[in-house]
Each structure stands twice: as structure tokens, then as C-alpha cells.
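1. Give me the fold of what follows.
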Amino acid sequence: MGRILRTDSSNPDFFKLVALLDADLALRDGPDNAFYAQFNGIDVLKHCVVYYENDTFLGCGAIKRFNASAMEVKRMFVEPAARGKGIASLLLSELEKWTKELGYSHCVLETGLRQPEAIALYKKNDYTVIPNYPPYEGVENSVCFRKEL
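-> Next up, the predicted model:
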């Protein structure tokens, strides 16, 4: 069984996983990637998690303040070879727990239609589709979710 480390975006393992995520998204999103990339900076993320198994980092995620009652889930990624083992759900659960500890009542997030695995993950974990929030309003590839905690 693995372990989850709470950290921030200065963690080198988090940084390496996000680089893999960004490469994957660049392939999936093609010319649309530049639009999304502007909202995915990690230089100021204070609440990040990294999943380790046998001291190997395999997945990550983060939350950042969205508004007075919500945290936004960001930078979710699991190494392709480690997928299908429930790691993403463990990471998401830890982020939700941290959100509650910080005094927020719900999580929101945006993902793309070109990430069907992500959409399945969020639906499986009781997230509900909501209207796209700024800056994703009117963006056809975006789908936004919310979960009350």
C-alpha cells in the first residue's frame, strides 16, 4: 500500500508529475492547450498531494482557493502504468479531506472532454456537472464539476 504526502508546489516530485501531465494535455488538447495552460500554473499552489508506492512517486493533485466556500481541484495526474488501481480516488479523497480541514464546504473543478478518464473519475466520486464557471464559460471542450463535502 502506498502513502500520500501533503506538500506544496515546490516539491520536486510534484513538479515532475505535473510536467508529465502537461505533456499529456498538450497532446490531447493540441492547439487549445495554450488557452488551458494559462490557468494551470503551479508556482503558488500551497496545498498539493503526491502519492508514493515503495518511494516511487506515481500521482499528484492540488487544491487552491476558488472563493469563500470552495477550493478548486487542480493538477490531478496518475502515471499511466499505475492507473486503474484507485490512486486517483485516494488523491481526490485526501484533497477533499484537506478542503474540509481548511473550512471550505465544497470543491469545484474543470476538466476537458478529451479527458474521459478524468470525467469518469469525478462522476465515480460523486461530483456533479455544473455550468462552466469563468474562465471556462462558453468553452466547448470544458466541463465543470462540483461536490458538496
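2. give the contact list for the residue nearest to Lys46 when sequence neighbours are not counted.
-> Counting by Cβ to Cβ, 6 or more residues apart in numbering, Lys46 lies nearest to Asp8, which is 5.2 Å off, once chain neighbours are set aside. Every C-beta, even on glycine, is put in place using the N, C-alpha and C of the backbone. Asp8 sits next to Phe14, Leu45, Lys46, His47, Cys48 when contact means Cβ atoms under 8 Å, 6 or more residues apart in numbering.
3. Apply 10 Å and report the result again.
-> Shown in contact with Asp8 (Cβ atoms under 10 Å, 6 or more residues apart in numbering): Phe14, Ile42, Val44, Leu45, Lys46, His47, Cys48, Ala62.
4. do Ser69 as well
-> Gly103, Tyr104, Ser105, His106, Val108.
5. Now the buried members of these.
-> Buried by 16 or more other Cβ atoms under 10 Å: Tyr104, His106, Val108, out of the contacts of Ser69.
6. What helix or strand is the spatially closest residue to the first one that is not a sequence neighbour located in?
-> For Tyr104, the nearest residue in space outside its immediate sequence neighbours is Met71; the separation is 5.0 Å by Cβ to Cβ, 6+ apart. Mapping Met71 onto the secondary structure by DSSP states H and E places it in strand 70-78.
7. can you pull the buried residues of the helix or strand just after that strand?
-> Using DSSP H and E, the helix or strand that directly follows strand 70-78 along the chain is helix 87-101. Residues Ile87, Ala88, Leu90, Leu91, Leu92, Glu94, Leu95, Glu96, Trp98, Thr99 are the ones in helix 87-101 that count as buried (16+ other Cβ under 10 Å).
8. Which strands border whichever helix or strand comes after helix 87-101, and is each parallel or antiparallel?
-> Per DSSP H and E, the first helix or strand lying C-terminal to helix 87-101 is strand 106-112. Strand partners for strand 106-112, identified by DSSP bridges, are recorded as strand 70-78 (parallel), strand 142-148 (antiparallel).
9. Please report how far the closest residue to Cys48 other than its chain neighbours lies from Glu140.
-> Spatial nearest neighbour of Cys48, chain neighbours left out: Ala62 (4.3 Å); criterion: Cβ to Cβ, 6+ apart. Noted for Ala62: a distance of 25 Å to Glu140, by Cβ to Cβ, to the nearest Å.
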